[in-house]
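**Q** I'll drop the sequence and a predicted model, then ask my questions.
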Amino acid sequence: MSQQRITVVTGGALGIGGATSRRLAADGDLVVLNDVDEAATEKACAEIVEAGGRAVPVIGDVVDDAVIERIVSTVRELGRVDVLVNNVGDFRPASKTFLHSTPEQWQRLYELNLLHVLKLTHALLPMMVEQGSGAIVNNSTVEAFRGIPAGAPYSAYNAGVSAFTKSLAVEVGAHGVRVNAIAPDLADTPQTSAEAMLRGRDPDLVRHWIPLGRFGRVDDYAAVIAFLASDEARFVTGHTVPVDGGTLAASGWYARADGKGWSNMPDTP
């Protein structure tokens, strides 16, 4: 019988992270589930256990060194780590433009989107190297590959995530460790709901906006993460895979006709 994989998922209670935790647990992993939302974490872990899986909660903001230390301590108690999903990221705090942004906002976005990825990976990587195996999957964004008005720092830090992914993959491949990332767009989650993205527009316009004709569901992203973490992707490393319904291929931002910011959704068919 093969050994049960030990998987760490940050931001693993809700949205893409929540779907990923549930998917990997259903696939047989013991999930070390980190999230800042205590109630959501407890609910996610309870649902995983109820479905026959195993989950260990680590509640707290992963940007805090003490929380990273608790994640590492939990993994050490379990004896190994096979998969690390660096899922946490956020475009907030956002500003109207870069000129309106502040160094304090940049710092928070840096911590939320890039710094903790480096820190947690650095902390867990030695175990993977010692084992001679492991898979790391980072969560970047399509905005790392195209311009995004009002989100320059967010875009820059996620471009860093994808660059880190590529470079680290080259370094650690000889140790049997693979490093990949996904680049989501238009994920219908509590953080970026379809309702908020539509902002009163006709839902029928979605088919004009997204080549595959719909917003992404959290399971769409979790499925790709599960693939990248699996042996099915054993010869895939160093890549950021867009999971975006085709928006990056057809990308283009448009200034709103009313002058109130930007959109990449046409206001008319």
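**A** Sure thing, it's come through. Every value quoted in this text rests on a predicted model; they were computed, and no experiment measured them.

**Q** Now do the contacts for the nearest residue to Gln131 once chain neighbours are set aside.
**A** Ranked by C-beta to C-beta, 6 or more residues apart in numbering and with sequence neighbours excluded, the top spatial neighbour of Gln131 is Arg80, at 6.0 Å. (C-beta placed from N, C-alpha, C; glycine too.) Arg80 makes contact with 3, 6, 127, 131, according to C-beta atoms under 8 Å, 6 or more residues apart in numbering.

**Q** Most neighbours among the residues you listed, which one?
**A** In terms of neighbour count, Ile6 stands highest of the contacts of Arg80 at 21 neighbours, by other C-beta atoms under 10 Å.

**Q** Test my guess that it contacts Glu77.
**A** No. Judged on C-beta atoms under 8 Å, Ile6 makes no contact with Glu77 at a distance of 10.2 Å.

**Q** Would you mind listing the buried residues in the strand or helix carrying Arg22?
**A** Taking DSSP states H and E as the definition, Arg22 sits inside helix 15-26. When neighbours are counted by 16 or more other C-beta atoms under 10 Å, the buried residues of helix 15-26 are found to be 15-25.

**Q** closest to Ser155 among these?
**A** Ile16 (18.3 Å; C-beta to C-beta).

**Q** Now the closest residue to the closest one other than its chain neighbours: which helix or strand?
**A** Closest residue in space to Ile16, ignoring its immediate chain neighbours: Tyr221 at 4.5 Å, by C-beta to C-beta, 6+ apart. Taking DSSP H and E as the criterion, the element that holds Tyr221 is helix 218-229.

**Q** Okay, buried residues for that helix please.
**A** For helix 218-229, the neighbour count (16+ other C-beta under 10 Å) marks 218, 220-222, 224-226, 228-229 as buried.

**Q** before we move on, the earlier item: got a list of what the residue nearest to Ile16 touches?
**A** 16, 19-20, 182, 184, 187, 243.

**Q** Which of these scores worst on pLDDT?
**A** Among those, Ala187 carries the weakest pLDDT, at 76.

**Q** The residue nearest to it when sequence neighbours are not counted and Ile68, how far apart?
**A** Nearest residue to Ala187, sequence neighbours excluded (C-beta to C-beta, 6+ apart): Gly216, at 4.7 Å. Taking C-beta to C-beta, to the nearest Å as the measure, Gly216 falls 29 Å from Ile68.

**Q** can you pull the pLDDT of the residue nearest to Ala187?
**A** Value for Gly216, per-residue pLDDT: 91.

**Q** Run a quick neighbour tally on it.
**A** With other C-beta under 10 Å as criterion, Gly216 counts 22.

**Q** I'd guessed it sits against Ala183; true?
**A** No. Look at Gly216 against Ala183 with C-beta under 8 Å: they stay out of range, at 11.5 Å.

**Q** Quick check: neighbours shared by the two?
**A** 243-244.
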